[in-house]
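Visitor: okay, predicted coordinates and the sequence, questions at the end:
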Amino acid sequence: MAESGRRRSLERAWEHWRGGSTPPDEVRPEILSSWQRSAEHLPESVDAAPLADEGETRSLFEESPLSAAVNRLEGALRSAAEDGDLVVAVTDPQTRILWTYGGRVMRNAAEDINFVAGGRWDEGSIGTNALNLALRNNRVSTVFAAEHYAPIVHDWVCWAAPVHDPVTGVQLGVLDLSTTWDRGHPIGAATAQALARLLETAVPATGHPGVTRHLDTGLHLRLLGAVEVHLDGVRLLLTRRQGEILAILSLHPEGLSLGELHAHLYGDERVSTSTLKSEVSHLRSALGGRLASRPYQLDLPVTSDVDSVRSAVRRADARAAVDAYGGDLVPGTGSPLLAETAEYLAVAVRECLLVDPDPLAVLAYSEVVPDAEVVQRALDALGDEPHPARAELSARLAAALR
């Protein structure tokens, strides 16, 4: 569908929904959910985003690690705005704009609706928008034309990506690119994500006192789709092999002998036990000594997304299983134990969805695994019932079949 046709279709869908009717299938589930939340707090018409105190906003920006990052990259951000006829914005974790710069075309339009420093773009203040969704879902988000809740931004398209503290993984805010819908570009979301990653590399490693750190204790492992390790709320930068060792030990809380750990990690690969001992020694140092030997065992509380998936599957909670399942266990691993466990988890989540093909759970799952049978099962379960996920499920089915 051409962008002009898509815009008209979304405008009709928004008006349909505002009139109290079920919106057409082209409204994405995350947009519909946001519309519903927005309607609980906002009137039908919003003239502009509310403005926070200017002095307070300036102080928050100066205290934020994003201040140093923006200052280092300001030239690149300004160029992106001017070259693409965009407005670039950086927010805090509450979706308050801390810094913004507009190209010639967008500068006045942004000022008219308080898309400026101090503007509050949380869902409760302005309704559905890409900045808020990127922070809520912790991933890049696009909101096009009348997908916005407020008519004042129905002429806009926005792409936003969360920005994280490079050490702790805490959300510091979001980077957003916005322009008018007719100036949209297919790589807008990718550009926003690339600029957000660039900002992350420029964030001072020590952070600032004003940034809230994780208060968790113990070890938390993200092992599905990617490997991230947090110790007492602080992200550890480990080697791939160290991540694999942690994954294996988390699957064996009772501990493993040197020979067992070697077999689970290397399989038939010819690697000396002294090499493994060296890897474990470095990992023990990174964990502050909380890795016992004889047997090798993690000596602290451990949680992981693997545990979350297993628990959800056991209680037949398909949506929770999908929420926790980010993809393959330690992608690309050569460990026979991890490869076997990855296959078990993949099959377990798939079977859970085949038994309970919740449309929204299947939609989220299909973003990670293009499985035609699972998507077809969800569509079959819907029958003729209208559902906001139907159109996107049909599109995912067609893509998976291709």
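Guide: Alright, I've got the coordinates. Numbering: from 1, shown residues only.

Visitor: show me what the lowest-mean-pLDDT helix or strand in the chain is packed up against.
Guide: Among the helical and strand segments of the chain, the one scoring lowest on mean pLDDT, DSSP states H and E is helix 390-401, with a mean of 81. Using 3 or more Cβ pairs under 8 Å, 6 or more residues apart in numbering; DSSP states H and E as the contact definition, the elements that helix 390-401 packs against are helix 359-368, helix 372-382. Placement of C-beta: from N, CA and C, glycine included.

Visitor: contact partners of the shortest one?
Guide: Judged by Cβ atoms under 8 Å, 6 or more residues apart in numbering, the contacts made with helix 359-368 from elsewhere in the structure are 29, 225, 318-319, 321-323, 325-327, 349, 353, 371, 374-375, 377-378, 381-382, 387, 389-390, 392-393, 396, 400.

Visitor: now that helix - C-alpha only, PDB.
Guide: The C-alpha trace of helix 359-368 is given here as PDB (Å, rounded to 0.1, in the frame of the first residue of the first chain):
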ATOM      1  CA  PRO A 359      -2.800 -14.600  18.700                       C
ATOM      2  CA  LEU A 360      -0.700 -12.000  20.500                       C
ATOM      3  CA  ALA A 361       1.700 -14.600  21.800                       C
ATOM      4  CA  VAL A 362       2.000 -16.100  18.300                       C
ATOM      5  CA  LEU A 363       2.600 -12.700  16.800                       C
ATOM      6  CA  ALA A 364       5.400 -12.000  19.200                       C
ATOM      7  CA  TYR A 365       6.800 -15.500  18.700                       C
ATOM      8  CA  SER A 366       6.800 -15.100  14.900                       C
ATOM      9  CA  GLU A 367       9.100 -12.100  15.300                       C
ATOM     10  CA  VAL A 368      11.700 -14.500  16.600                       C
END
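
Visitor: what mean pLDDT does that helix get?
Guide: Along helix 359-368, the predicted confidence averages to a pLDDT of 83.

Visitor: buried stuff in that helix?
Guide: Pro359, Leu360, Ala361, Val362, Leu363, Ala364, Tyr365, Ser366, Val368 (16 or more other Cβ atoms under 10 Å).

Visitor: quick one, that helix and helix 372-382 angle?
Guide: For the pair helix 359-368 and helix 372-382, the angle between their directions (axes from the mean of the first three to the mean of the last three Cα atoms, to 10 degrees) equals 160 degrees.

Visitor: and the helix or strand where Asn71 lies, what does it pack onto?
Guide: Secondary-structure element containing Asn71, defined by DSSP states H and E: helix 65-83. Secondary structure elements in contact with helix 65-83, counted by 3+ Cβ pairs under 8 Å, 6+ apart, are strand 87-91, strand 97-102, strand 171-180, helix 188-202.

Visitor: same for the first one, what does it pack against?
Guide: Going back to what we said before, that points to strand 87-91. The criterion is 3+ Cβ pairs under 8 Å, 6+ apart, and the helices and strands that strand 87-91 contacts are helix 65-83, strand 97-102, helix 107-112, helix 130-137, strand 171-180.
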